[in-house]
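Asks: Predicted structure and sequence below. I'll ask about it afterward.
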Amino acid sequence: KRLLSLGMLVFASYTVSVAQLRIVSIGNSISQGKNELKFDGKYEWSYRPWLFDKLTSDGFNVDMVGYNSYFFGESEGNMMTVKFPTVAGKPFDPNSEAYYGINSNGFLNGDNSSGWTGSPLPKFSDRINDPTKGYTPDFALIHMGTNDKDSLPADVAITKTNIRGIVSVLRAKNPKVVILLAKLITGWKMINPEIDGLASELNTAQSPVLVVDMATGFKNDPGASGTMTYDWVHPNELGQKFMMRKWYDVIKANLNDNLKPTIPTQLAASEITNTSVKLTWSPSIDNYGLKSYDVYANNLFVASSKLPSLTATQLASGTNYTFKVVAKDLGGNASDSVTVTAKTSGVTGLTDADMLNDINVYPSVTIGLVTIVGAEGNDINVSDLSGRKVLSLGKASNDTMVADLGLLPDGMYLLQIRNSGQQITRRIVLAR
């Protein structure tokens, strides 16, 4: 067996195919948090709201699962719902398996305290299978052992046994659950040196155990610059976000999502101008969530959009385009494409009038010869002042053309240079 750790970047070959990314946070007060204003003007929210915020903002369809749906709040009693800001139109999902003051034995085997839910806490196997609150996690984030005794090796052995029991319960509910096992932010706890070995023992190809090192880089001393705690143990906002990032990086690196999003539908082009076309389509669906939609014009990448609409700009006027939209998910999978055709208004490319206006004709008074510069490929005719064609010079075969008007009688003539329906006229006086 190979240990899957944050530092080793070894990924298991497994796939979770669900409508939502279901995450259970397992732990004590460090993971539960407290919905109470602290002396720094912020809240001891724990990493959980920040993790929900980050995953949701990135496009994941997140379901935070667990038996406990409350934060602990001293000022309003134990049953206090979270007031974390709404994220991307979604209120924070507070469900977890985190309980203020619990140890690993009470978590696994139940606890007589009624402070968390209003009645004694059932054992873990009953909580996860409760007909009203039960759940099936895809990822289990375990930060457990801070409240356990560890004065003797036998104490650490009990913590390890309880963690094994927690993993066993999780796997009984979901044999493919991914276990993220943390080294505690309280780095002095004796369980921390045992985590690597315990993860290696528990790791399987079907249900990987990933070590997340929360201890390294975490600053506990509340008197030190850059401290991450209020009291050596409970994270302040800096510590909460430190933990969030550690969990997030491992979750995202180990999704191994192999399912592509559904194809975008009903792609339509509207609000067409000389240089832009607005595109709209019906949203795609993905098992975890969408990252973006990539838009192409004639197979050239235009831009990405998080919304099911985009205005393609800087297009050529009077040009036919085939627009293509592809949905991308967070695992890097791409949907099948949908296409629509549209033509920008105006004449093709650089307008004919612009091209003709660059043509130079001289001299304006001549005894017979006129030089025309820049008219290659254009039709050239000479008309009298009534507009009647009196001489056809044909198409200019090169960039500089010398026209001989010597066969015409003296007088004023109109030199007409035409290209694709556009025309410029120059007055020429023939005087010998």
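Replies: Yep, that arrived.

Asks: where does the residue nearest to Ser125 when sequence neighbours are not counted fall, phi/psi-wise?
Replies: Spatial nearest neighbour of Ser125, excluding adjacent residues (C-beta to C-beta, 6 or more residues apart in numbering): Val169 at 4.9 Å. In short, each C-beta sits where N, CA and C put it, glycine included. When read as degrees, to the nearest 10, the backbone of Val169 gives phi -70, psi -40.

Asks: distance of Val169 from Thr136?
Replies: Noted for Val169: a distance of 12 Å to Thr136, by C-beta to C-beta, to the nearest Å.

Asks: who's more crowded, those two?
Replies: More crowded of Val169 and Thr136, by other C-beta atoms under 10 Å: Val169, with 18 against 15.

Asks: Please report the confidence value the model assigns to the more buried one.
Replies: pLDDT recorded at Val169 is 98.

Asks: what sits against it?
Replies: Leu108, Phe124, Ser125, Ile128 (C-beta atoms under 8 Å, 6 or more residues apart in numbering).

Asks: how about JSON lines for those residues, with distance to Leu290 added?
Replies: As requested, the contacts of Val169 are exported to JSON lines (distance: C-beta to C-beta, whole Å):
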{"residue": "Leu108", "distance to Leu290": "38"}
{"residue": "Phe124", "distance to Leu290": "34"}
{"residue": "Ser125", "distance to Leu290": "36"}
{"residue": "Ile128", "distance to Leu290": "30"}
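
Asks: Let me know the closest of the residues you listed to Leu259.
Replies: Ile128 (25.6 Å; C-beta to C-beta).

Asks: List phi and psi for that closest one.
Replies: Backbone torsions for Ile128, taken as degrees, to the nearest 10, come to phi -70, psi -20.

Asks: Identify the residue nearest it in space, chain neighbours excluded?
Replies: Nearest to Ile128 is Lys173, by C-beta to C-beta, 6+ apart, at 5.3 Å.

Asks: And Asn333, by the same measure?
Replies: That would be Lys260: by C-beta to C-beta, 6+ apart, it lies 4.0 Å from Asn333.

Asks: List the contacts of the one you found.
Replies: Lys260 sits next to Asp286, Asp329, Asn333, Ala334, Ser335, Asp336 when contact means C-beta under 8 Å, 6+ apart.

Asks: Out of those, which end up buried?
Replies: Among the contacts of Lys260, those classed as buried by 16 or more other C-beta atoms under 10 Å are Asp286, Asp329, Asn333, Ser335.

Asks: I'd like those residues laid out as CSV, including distance to Ala316 and pLDDT.
Replies: CSV is the format used below for these (distance: C-beta to C-beta, whole Å; pLDDT from 0 to 100):
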residue, distance to Ala316, pLDDT
Asp286, 34, 80
Asp329, 32, 84
Asn333, 32, 88
Ser335, 28, 93
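
Asks: Kindly indicate which of the residues you listed lies nearest Thr229.
Replies: Asp329 (36.6 Å).

Asks: thought Thr311 was touching Thr275?
Replies: No. Contact criterion C-beta atoms under 8 Å: Thr311 and Thr275 do not qualify, at 10.5 Å.

Asks: which regions of the stretch 201-350 of the chain lie under the pLDDT threshold?
Replies: Scanning the stretch 201-350 of the chain for pLDDT under 70 picks out 256-257, 346-350.

Asks: ok, now with 90
Replies: For the stretch 201-350 of the chain, applying pLDDT under 90 flags the ranges 252-261, 273-275, 285-292, 306, 314-319, 329-333, 344-350.

Asks: Would you map the strands across it?
Replies: For the stretch 201-350 of the chain, the strands defined by DSSP state E, counting those that start in this stretch occupy 209-213, 265-270, 277-282, 290-297, 300-305, 309-312, 320-329, 338-343.

Asks: Parallel or antiparallel, which strands does the second one pair with?
Replies: Same thing as strand 265-270. strand 277-282 (antiparallel) (DSSP bridges).

Asks: what about stretch 377-385, how long is it end to end?
Replies: 25 Å (C-alpha to C-alpha, to the nearest Å).

Asks: An error on my part: the question was meant for stretch 264-277.
Replies: 18 Å.

Asks: Show me where the protein has its helices.
Replies: With DSSP state H as the criterion, the chain has helices at 29-32, 48-57, 104-109, 124-128, 153-173, 195-202, 237-253, 352-357.

Asks: And the contacts of the second one?
Replies: Looking back up the chat, that one is helix 48-57. Helix 48-57 is contacted from outside by 21, 23, 25, 31, 33, 62, 64, 82, 84, 87-88, 90, 92-94, 96, 98, 240-241, 244, 247-248, 251, using C-beta under 8 Å, 6+ apart.
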